[in-house]
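Asker: got a predicted model here, sequence first, then my questions.
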Amino acid sequence: MTKLRLAIVALACLFISGVSAQISTPAASPSCKIEQKVGLTDIKVEYSRPSAKGRKIFGADAVVSFGNFWRTGANSVTKVSFSEDVSVEGMAVKKGDYGLLTKPGADSWAVNFYKYDGGNWSAYIEKTPDVSVMVKPVMLSQQVETFTIDFNNIETSQATMTLSWEKTLVPVKIGVEVDKVVMANIEKVMAGPSTNDYYNAASYYHDSGKDLEQALEWVKKANNVSSPKFWQVRKEALILADLGRYKEAIAAAKLSKELASAAGNDEYVKMNEVSIAAWMKK
């Protein structure tokens, strides 16, 4: 290959490389994620943060006009997620993901939560919000250059989500359920393991070849109810058989067969019949 042809190939490679290369530049409104635990509830906000850059932000003739919907940030709609049911300014909000749109005003702001359905904020405007509350803005003495969503006044059962930009702060009170959840957990733990917990423990011990006497004790507790489950009684029969207690195993298998038949489960009926026939020969 001649020197001229080599030069041409090199230039072509440089050209192709230049075409495919991408130039990265800072975003005008960088994205932000903030997570805050309030009580036992996780709250997550995903939004973009525009800056004032010398512009008038809120007003009749400003970046965000009074009386018009605002995506409450920039780019995509602001997304707020609650891991548990909450209240917003006293209004009940189910756990889940929400698109947050606001309608600023001089004396009050409408803060609207919509079931999240993608990042296109304009698609929410014609919809009815799941929850809409009115909040009175607070005027600040110092300028907030970049739009900020934050959480303050965090207590066991409540917090304030603040929307701040320019010299305006909008405090949105969020309440979470704590006492009801904690009391339910206390009652569950203090009541001891459930029948399903006993069954799972017995199954693990049996299937893993561990202490069968312990497995039997647990499965008997699981079945000591007014309406035992046929598959749980079947497990008791299998454990008894592995312990060599065939008479008791047959009795348990017959009960499991009866319960399975009532439930319309032919598979368990057949399995119990096979086991009974085998154990009767022991």
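Answerer: Received, thanks.

Asker: neighbouring contacts of stretch 265-278?
Answerer: 230-231, 234, 237-238, 241, 249-250, 253-254, 256-257, 260-261 (Cβ atoms under 8 Å, 6 or more residues apart in numbering). C-beta here means a position set from N, CA and C on the backbone, and glycine is covered the same way.

Asker: V45 sits in which helix or strand?
Answerer: strand 41-48 (DSSP states H and E).

Asker: also R55?
Answerer: Going by DSSP H and E, R55 is not part of any helix or strand.

Asker: over to it: give its phi and psi.
Answerer: Backbone torsions of R55, given as degrees, to the nearest 10, read phi -90, psi 150.

Asker: quick one: which two of the contacts of stretch 265-278 are the most distant?
Answerer: A241 and S261 (20.4 Å; Cβ to Cβ).

Asker: which elements pack onto the longest strand along the chain?
Answerer: Of all segments of type strand in the chain, defined using DSSP state E, the longest is strand 158-176. Here strand 158-176 touches strand 31-38, strand 41-48, strand 58-59, strand 86-88, strand 109-115, strand 131-135, strand 138-152, going by 3 or more Cβ pairs under 8 Å, 6 or more residues apart in numbering; DSSP states H and E.

Asker: show me which residues of it are buried.
Answerer: 158-172, 174-176 (16 or more other Cβ atoms under 10 Å).

Asker: is V182 in a helix, a strand, or coil?
Answerer: helix (DSSP: H, G, I helix; E, B strand; the rest coil).

Asker: mind listing what it touches?
Answerer: Per Cβ under 8 Å, 6+ apart, neighbours of V182: L40.

Asker: report pLDDT for it.
Answerer: For V182, the model assigns a pLDDT of 84.

Asker: cool, A60 as well?
Answerer: On the pLDDT scale, A60 gets 83.

Asker: can you count the residues close to the closest residue to it other than its chain neighbours?
Answerer: Nearest non-adjacent residue to A60, counting by Cβ to Cβ, 6 or more residues apart in numbering: F66, 5.7 Å away. The number of residues packed near F66 is 15, by other Cβ atoms under 10 Å.

Asker: wait, F66 sits on G59?
Answerer: Yes. With contact defined as Cβ atoms under 8 Å, F66 counts as touching G59 (6.4 Å).

Asker: pretty sure K235 contacts S203?
Answerer: Yes. At 5.9 Å, K235 and S203 qualify as touching, with contact defined as Cβ under 8 Å.

Asker: what touches both of the two?
Answerer: In contact with both K235 and S203: V219, using Cβ under 8 Å, 6+ apart.

Asker: tell me which of these two has more neighbours.
Answerer: K235 (24 against 19).

Asker: tell me the SS of that one?
Answerer: Per three-state DSSP, K235 ends up helix.

Asker: which ones are touching it?
Answerer: 199, 202-203, 206, 219.

Asker: just D211 next, same as before
Answerer: Contacts here follow Cβ under 8 Å, 6+ apart; on that basis D211 touches Y205.

Asker: circling back to that earlier point, relative to strand 31-38, how tilted is the longest strand of the chain?
Answerer: Angular relation of strand 158-176 and strand 31-38 on a 0 to 180 degree scale: 70 degrees, by axes from the mean of the first three to the mean of the last three Cα atoms, to 10 degrees.

Asker: kindly export strand 158-176 (C-alpha atoms) in PDB.
Answerer: Extracted in PDB, the C-alpha atoms of strand 158-176 (Å, rounded to 0.1, in the frame of the first residue of the first chain):
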ATOM      1  CA  GLN A 158     -44.900  13.100  59.900                       C
ATOM      2  CA  ALA A 159     -42.600  15.400  57.800                       C
ATOM      3  CA  THR A 160     -42.800  18.400  55.600                       C
ATOM      4  CA  MET A 161     -41.900  18.100  51.900                       C
ATOM      5  CA  THR A 162     -40.700  21.500  50.800                       C
ATOM      6  CA  LEU A 163     -40.700  22.900  47.300                       C
ATOM      7  CA  SER A 164     -38.200  25.900  47.100                       C
ATOM      8  CA  TRP A 165     -37.200  28.200  44.300                       C
ATOM      9  CA  GLU A 166     -36.400  31.900  44.000                       C
ATOM     10  CA  LYS A 167     -37.900  33.400  47.200                       C
ATOM     11  CA  THR A 168     -40.900  31.000  47.500                       C
ATOM     12  CA  LEU A 169     -41.200  27.900  49.700                       C
ATOM     13  CA  VAL A 170     -44.200  25.600  49.500                       C
ATOM     14  CA  PRO A 171     -44.500  23.400  52.600                       C
ATOM     15  CA  VAL A 172     -46.500  20.100  52.000                       C
ATOM     16  CA  LYS A 173     -47.300  18.200  55.200                       C
ATOM     17  CA  ILE A 174     -47.000  14.400  54.800                       C
ATOM     18  CA  GLY A 175     -48.300  12.100  57.500                       C
ATOM     19  CA  VAL A 176     -47.400   8.400  57.900                       C
END
